[in-house]
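S.K.: return a 3D structure for these sequence lines:
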Amino acid sequence: MTYYGGKELADAFRTVRRNTIQIAQDIPEDKYGFKPSPDSRSIGQTLAHIATLTTFPTMLHGERIPIEKIDFAEYIRKVGAEEAKLQTKAQIIASLKEAGDAFAKMLEGINDEKFFSEVITFRPGAQPPSRTRFDLLLAAKEHEMHHRGQLMLMQRMVGVVPHLTREAQERMARFAAQQAAKA
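M.R.: You can find the predicted model right below:
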């Protein structure tokens with residue numbers, strides 16, 4: 001028995017996506033081309049990547065396409081083309097919202113513990129050789145959080161203080177003011 005199901009996955013994913021969207025909104029569009037190094041994705045490319053990263057888990061778990069039937073070369077080409085279409089800040093934010101909502105709704109609709117515990121076996125040579133559906137669904141959120149960490153660093157590099165840092169600073173200032181008022 002698990003205490004973390006589809007509703008909890010959806011809620012956690014929505015929190016992550018809401019924070020990603022806030023980052024996308026906070027960064028000026030003229031900074032979307034910034035790359036921290038020549039071989040890195042730009043801010044805009046990273047956000048476009050995040051906007052499309054739920055397509056694989058949706059295919060595998062929502063549409064229930066067996067993994068052995070997925071042509072990964074074709075999938076990577078298709079997702080790359082989708083990422084490349086997202087050129088403006090408005091397009092990227094709209095895609096983040098739309099894809100995020102769709103993925104969260106899919107997650108919310110999963111209420112079968114047997115489904116979550118089902119093992120997906122990858123092609124020979126893959127590491128790890130298999131994972132549960134639950135682990136793979138959780139990985140979508142973890143993947144986004146990985147890229148969000150990159151975005152927060154890039155925000156600082158272009159002179160934008162991340163919203164989570166601003167909120168923490170505001171909480172600390174309120175706390176200090178409360179302490180000073182008590183003294």
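
S.K.: now do the buried residues in the longest helix belonging to the chain.
M.R.: Taking DSSP state H as the criterion, the chain has its longest helix at helix 133-157. By neighbour count with 16 or more other C-beta atoms under 10 Å, helix 133-157 contains the buried residues 133-134, 136-138, 140-141, 143-144, 147-148, 151-152, 154-155. No exception for glycine: its C-beta is placed from N, CA and C like everyone else's.

S.K.: quick one: contacts of it?
M.R.: Where contact means C-beta atoms under 8 Å, 6 or more residues apart in numbering, the residues beyond helix 133-157 that reach it are 2, 4, 9, 12-13, 16-17, 19-20, 23, 26-27, 34, 36, 43, 46-47, 49-50, 53-54, 56-57, 60-61, 103, 107, 110, 115-118, 120, 131, 161-162, 164-165.

S.K.: and the residues you listed, which are buried?
M.R.: 9, 13, 16-17, 19-20, 23, 27, 34, 43, 46-47, 49-50, 53-54, 56-57, 60-61, 103, 107, 110, 115-116, 131, 162.

S.K.: which of the residues you listed fall in helices?
M.R.: Reading helices off the buried ones among the contacts of helix 133-157 with DSSP H, I get 9, 13, 16-17, 19-20, 23, 43, 46-47, 49-50, 56-57, 103, 107, 115-116.

S.K.: after the longest helix of the chain, heading C-terminal, what element do we hit next?
M.R.: helix 163-182 (DSSP states H and E).
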